[in-house]
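> pasting the structure only:
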């Protein structure tokens, strides 16, 4: 699954560690999500959406 | 480190110090009256408590890594151990390494449990490491 997490994070000038702290996950998890190697759960996806004030589908795109 | 991490580390230290105190201090004194290996019981109880605290502190990706590792690594570790045992006994029905306590079924059972558990743990550790290396 593709996502715009890295772009959204860069727009706010946040590091992966900053984002991880805001989402209450590890930096490794943020990196795994950003690189598309790990798909977040629905609760975490909603949390990401709320943090960036955008709907989930605007951040995550189905790769199919 | 945040407060929760400090709490877990403190608990870890208390557990280690407590275990040493019990094993080398209290337990030898109580040994004649205790039938069950106390250090084993305490070890299991403390491990469970530590596992619960660690699990609650993990984020979802870390939990996913553990679940994947136990399912794939643990299952295939056990399967490979079983195949290795069958192959060993087919080659030699009385392998010297495995029947070192022949005549004492309890020790054979313990050997089997350690062998199975160890194989599952090795498989788990391998898959857990690969999971994180691929997602770094």
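Sure thing, it's come through. Note that the coordinates shown come from a computational prediction; the quantities given were computed from them, not determined experimentally.

> interface residues of chain B facing chain A?
B:59, B:60, B:61, B:62, B:64, B:132, B:134, B:135, B:136 (Cβ under 8 Å from any Cβ of the partner chain). Just so you know, the C-beta spots here come from the backbone N, C-alpha and C atoms, and that holds for glycine as well.

> need the buried ones from these selected in ChimeraX.
What follows is the ChimeraX syntax for the buried subset of the residues of chain B next to chain A, where burial is set by 16 or more other Cβ atoms under 10 Å in any protein chain shown:
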select /B:59,61,62,64,135
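
> the residues of chain B next to chain A in helices, which ones?
Counting by DSSP state H, the part of the residues of chain B next to chain A found in helices is B:60, B:61, B:62, B:64, B:132, B:134.

> same for the helix or strand hosting residue B:120, what does it pack against?
Here residue B:120 is covered by helix B:105-134, with elements defined by DSSP states H and E. The contact analysis (3 or more Cβ pairs under 8 Å, 6 or more residues apart in numbering or on different chains; DSSP states H and E) places helix B:105-134 against helix B:60-68, helix B:75-91.

> mind checking the pLDDT average for it?
Mean per-residue pLDDT for helix B:105-134: 84.

> run the chain-centre distance for that helix.
Taking the mean C-alpha point of helix B:105-134 and that of its whole chain, the gap between them comes to 8 Å (Cα atoms, centre = their mean, to the nearest Å).

> that helix: which residues count as buried?
Buried residues in helix B:105-134, defined by neighbour count with 16+ other Cβ under 10 Å: B:115, B:119, B:120, B:123, B:124, B:127, B:128, B:131.

> likewise for stretch A:21-41?
In terms of neighbour count (16+ other Cβ under 10 Å), stretch A:21-41 has its buried residues at A:22-23, A:25-26, A:28-34, A:38-40.

> report the two of those residues separated the most.
Greatest spacing in the buried residues of stretch A:21-41, by Cβ to Cβ: A:22 and A:39 (19.2 Å).

> got the angle for the helix holding residue B:120 vs helix B:60-68?
140 degrees (axes from the mean of the first three to the mean of the last three Cα atoms, to 10 degrees).

> what's the angle between helix B:105-134 and helix B:75-91?
Relative orientation of helix B:105-134 and helix B:75-91, computed by the same axes, to 10 degrees: 140 degrees.
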